[in-house]
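Q: curious how this folds, go ahead:
(2 chains)
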Amino acid sequence: MSAGTAARTARPPQVALPPATGPVVGAVSRQLRRGTLVVSAIAGVMPAFVAAQYQGTFSGAVPASSLEALAQNPAIRTLFGPPVALDDPGGFTVWRLGTVLAVLVGIWAALAATRVTRGEEEAGRWDLLLAGRLRLAVLIRAHVVVLLGAAVLPGLAAALGLLLSGTDATGSLLFGTMIAGTGMTGVALGVLGAQLLAERRAASGLAVAVLLGMLLVRMVGDGVPALAFLQWASPFGLLGRAEPFGADRWVPALVLMGMVSVVATAAVRASDDRDVGSARLRGRDRVSAPSRLVRSLGGLAVHRVRRPVITWGAGLAAYFLLIGLLARTMVDFLADNPLFARLAAQAGFVQLGSVEGYVSALFSLLAVPVGAFAAGRVAHAAADEQAGRLTPLLSLPVSRVRWAATEAVVVTVGTTVLAAVAGLATWAGTAWVGADLGVGAALAGALNAVPVALLCLGAALLALGWVPASVLAVGVLPAAGGYLLLVFADTFAWPEWVRAVSPFAHLASVPAESVDAGGAAGMLVVVLALAAAGLAGYARRDLRG
Amino acid sequence: MSAVPALRAEGLSKRFSTTLAVDDLTLTVPPGEVFGFLGPNGAGKSTTIRMVLGLLRPSAGAAWVFGEPVAEVERAHSRLAYVPADVALWPAFTGQECLDLMAGLGPGTDLTYRAELVRRFELDTGKRARAYSSGNRQKVALVAAFATRAPLLVLDEPTSGLDPLMEREFRRCIAEAAERGQAVFLSSHQLAEVEAVCHRVGILRAGRLVEVAGMSELRRLRRTEVVVDLARPAPELDRLADLPGVVDLRRRSDLQISLSLTGPPGAVLRALGEVDVERLDVREPSLEEIFLDYYGEVPA
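A: Residues are numbered from 1 along each chain as shown, chains lettered A, B, ... in the order given. Alright, predicted model coming up:
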């Protein structure tokens, strides 16, 4: 014993051990496992489905002259991305699904990145970790490596799915690379956002906003040839430039990887020598005049929803203004090319041949972002509960049900306002280009999507009551899941009852058709039932946090 | 009116999957009493309080605040104010906005007294919550709670982040609340704090309430430590061990013995009167020692 002690003290202490990132890598991987699996499954299965289905339906049906016309039309390019190699199942799949999949993977990656970095840091769990030998920059680097690795998997799955359905190998790999690269961009933006902003929510918002801004850049670049160079700064634009199954260019893929490494390096740099728990950008900590809104429950709910409505409203206004501006080009083109009208119908866009039909199709899509907004607000409340921020409020003479119901009512108003903003922006766009759309028709079309968005609110409330850990996932299901279900059901001619599960099956194409009052009323009844069941569970269960 | 207890719990239990966090807890706090709720970390203090607030649903049993079942949150909470152990506030809210929110929705707030409390606790209410230390967040909750006229204050380890000066201010506020007739349910593991402000104490251990006693009663229940220095050896004192109430008699040296005494000391004093005592040291154990004694005695 004493000899051992002597031997030990004789040796110089070893202080220069490499920091132990192994356990960190393991922990982050565990946090990412489930989401990565789900997103990879979607990314693998969907393109394979579409490619296989194409081979059965359209193979060889598209004449070259139509393709030429399609590729030249700015409206088509703007909305769906540049149509390339539509005579190839892989090319068609990329055109049909590429943007949707890239957006999905990119947003997932950005949210996952802020969750495991800023989320953990904000909850104070990193303080303990960093009290050891680990430095913040090393920790961030380890996270970036694991996250980038996770973001590659959906791309790999997409490539594999396409390969298995028999498409060209180079195109499949290129498409998979671009999807992976978009995910990696999302990761880099998420980690960068987490260094710049001290709250996970804000960091997530920034990363997703930049990503969607890049999508808008792609759309503008496709619609306005003079601005096409902007697309080199957008993963979605680069996907178009790469032309998988067409020209199969690898330079855009390299540019994308370069972009990822620049943003990721900036993120790691930004983490260097900053304080743990703080961020690079910090608003004012001192406020001269307290808000007068926060003295009542309704005022509090308005206070909480104000800024999100403004930011979501700005994004939706920009997008739907563009939709409006494109109305005439699109309609003229489809009138001249009935084949593509049929293709678009197959893709879920019926009646694209008139201005009303065209905006109707896009207004039904409006339910997805507006529904995500509504579900996001409930998820926000669930996160507040988890963090213990509701405890002071709910120890006042305020019942949970009254609080949650007040929030839900105000979110309903916010949802309606957002839809109205989108309708007005569309009208403004169509008025600018002289397309024939009344302001009333535009508003009616946009507001027609509100019941579907409210289904998201209802589902989110249900989750708040019974599965509070999955509010966002359950909440976006009616709109995002319902939309995909309808597309698949139409594409593969699934039985009518499967199709009827989707809320979009009960949504009339307003303003092209008149409002399906029965469908809307039915949906609102379901919303109330979901909300009531959710609030009943919420009143009964233990509060978390 | 005074017959209705400020807080009553009957057989209150909470089970989290396999852990029984609170086991069959029954207690009553009358109006106007300052009740200390003692126990080490993980004893179930916060779980009990969260059940009383209706934040957790009891697995068994029930609780009432001034006769209102705790599940009837709107009515029960109009009679109480609460300070959590770990105060989480919305980061973008300023201290003033937090206070306004709690006053606007709370059980009625004395705004003049609140302004005084803000000054006494040296709270900077113009700052956003994200810029507050945990002590400052705690001050926000304390000011909001003390400024109410709620007849019951439920405080869960409210001073864990406060410095000694602020802790003194806190004790003053408890005294003022007691003067106004507000009942206080104070959970703590800081025995000195409880000893200084409470009328009665309940001790919670591994989810079970092992003792409820008045401060003086609690001390009397426990032993008095007696150390006797002798001028010359007195072997006859060995028979002290046979006297009622004497435990743990020890001969430290020929000239010093020590013993623990429960109950009245008369017999021991008479016995000591017969020998040549040079110095007699009688010490009342602190609550801390009583407390540790409990945890030594009660089998796990």
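Q: who's in contact with A:Ser399?
A: Shown in contact with A:Ser399 (C-beta atoms under 8 Å, 6 or more residues apart in numbering or on different chains): A:539, B:73-74. C-beta: built from backbone N, CA, C; applies to glycine.
Q: a markdown table for those, including neighbour count?
A: Compiled in a markdown table, these are given as follows (neighbours: other C-beta atoms under 10 Å in any protein chain shown):
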| residue | neighbour count |
| --- | --- |
| A:Ala539 | 17 |
| B:Val73 | 24 |
| B:Glu74 | 14 |
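Q: could you dump those to a markdown table with secondary structure, distance to A:Ala449 and pLDDT?
A: Putting these into a markdown table (DSSP: H, G, I helix; E, B strand; the rest coil; distance: C-beta to C-beta, whole Å; pLDDT from 0 to 100) gives the following:
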| residue | secondary structure | distance to A:Ala449 | pLDDT |
| --- | --- | --- | --- |
| A:Ala539 | helix | 30 | 94 |
| B:Val73 | helix | 36 | 94 |
| B:Glu74 | helix | 36 | 94 |
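Q: what average pLDDT does stretch B:131-150 get?
A: The average of the pLDDT scores along stretch B:131-150 is 94.
Q: list the buried residues of that stretch.
A: By 16 or more other C-beta atoms under 10 Å in any protein chain shown, the buried positions in stretch B:131-150 come out as B:131-132, B:136-148, B:150.
Q: these in strands, which ones?
A: Judged by DSSP state E, strands contain none of these.
Q: also near chain A: which of those residues, exactly?
A: B:131, B:141, B:144 (C-beta under 8 Å from any C-beta of the partner chain).
Q: is it true that the first one touches A:Asp285?
A: Yes: distance between B:Ala131 and A:Asp285: 3.8 Å, which falls inside the contact criterion (C-beta atoms under 8 Å).
Q: get me the contact residues on the stretch 101-250 of chain A for chain B.
A: So the stretch 101-250 of chain A meets chain B at A:198-199 (C-beta under 8 Å from any C-beta).
Q: if you could redo that for chain A, that was the one I meant.
A: Residues of chain A lying near chain B (C-beta under 8 Å from any C-beta): A:198-199, A:283-288, A:290-291, A:294-297, A:300, A:384, A:387-389, A:391-400, A:402, A:540-543, A:545.
Q: if we can go back for a sec, from the buried residues of stretch B:131-150, which is closest to chain A?
A: Using C-beta to the nearest C-beta, B:Ala131 is the member of the buried residues of stretch B:131-150 that lies nearest chain A, at 3.8 Å.
Q: which residues does the closest one contact?
A: Contacts of B:Ala131 (C-beta under 8 Å, 6+ apart): A:285-286.
Q: change it to 6 Å
A: Applying C-beta atoms under 6 Å, 6 or more residues apart in numbering or on different chains, we find B:Ala131 in contact with A:Asp285.
Q: show me where the stretch 101-250 of chain A has helices.
A: Assigned by DSSP state H, counting those that start in this stretch, the helices in the stretch 101-250 of chain A fall at A:120-122, A:125-130, A:136-164, A:169-196, A:200-223, A:235-242.
Q: and of those, who's closest to A:Val498?
A: Counting by C-beta to C-beta, A:Val498 lies closest to helix A:136-164 out of these; the figure is 22.0 Å.
Q: got the angle for that closest one vs helix A:169-196?
A: Using axes from the mean of the first three to the mean of the last three C-alpha atoms, to 10 degrees, the inter-axis angle of helix A:136-164 relative to helix A:169-196 is 160 degrees.
Q: list the buried residues for helix A:136-164?
A: In helix A:136-164, counting by 16+ other C-beta under 10 Å, buried: A:136, A:138-144, A:146-163.
Q: mean confidence score for stretch A:393-404?
A: Stretch A:393-404 comes out at a mean pLDDT of 95.
Q: for it, how far is the first residue from the last?
A: Terminal residues of stretch A:393-404 lie 12 Å apart, using C-alpha to C-alpha, to the nearest Å.
Q: please point out which parts of it sit buried.
A: For stretch A:393-404, the buried set under the neighbour-count rule, 16+ other C-beta under 10 Å, comprises A:393-401, A:403-404.
Q: cool, stretch B:22-35 as well?
A: Using 16+ other C-beta under 10 Å as the test for burial, stretch B:22-35 gives B:22-23, B:25, B:27, B:29-35.
Q: likewise for stretch A:447-461?
A: Neighbour counts over stretch A:447-461 (16+ other C-beta under 10 Å) mark A:447-461 as buried.
Q: and the longest helix along chain B, what does it pack against?
A: Longest helix in chain B by number of residues (criterion: DSSP state H): helix B:164-180. The elements that helix B:164-180 packs onto, with contact taken as 3 or more C-beta pairs under 6 Å, 6 or more residues apart in numbering or on different chains; DSSP states H and E, are helix B:191-197.
Q: what is the helix or strand following the helix it packs on packed up against?
A: Downstream of helix B:191-197, the next assigned helix or strand under DSSP states H and E is strand B:200-205. For strand B:200-205, the packing partners by 3+ C-beta pairs under 6 Å, 6+ apart come out as strand B:34-38, strand B:208-214.
Q: which residues sit in contact with the residue nearest to A:Val217 when sequence neighbours are not counted?
A: Leaving aside its sequence neighbours, A:Val217 sits nearest to A:Ser234 (C-beta to C-beta, 6 or more residues apart in numbering or on different chains; 4.5 Å). Applying C-beta under 6 Å, 6+ apart to A:Ser234 gives the contacts A:214, A:217-218.
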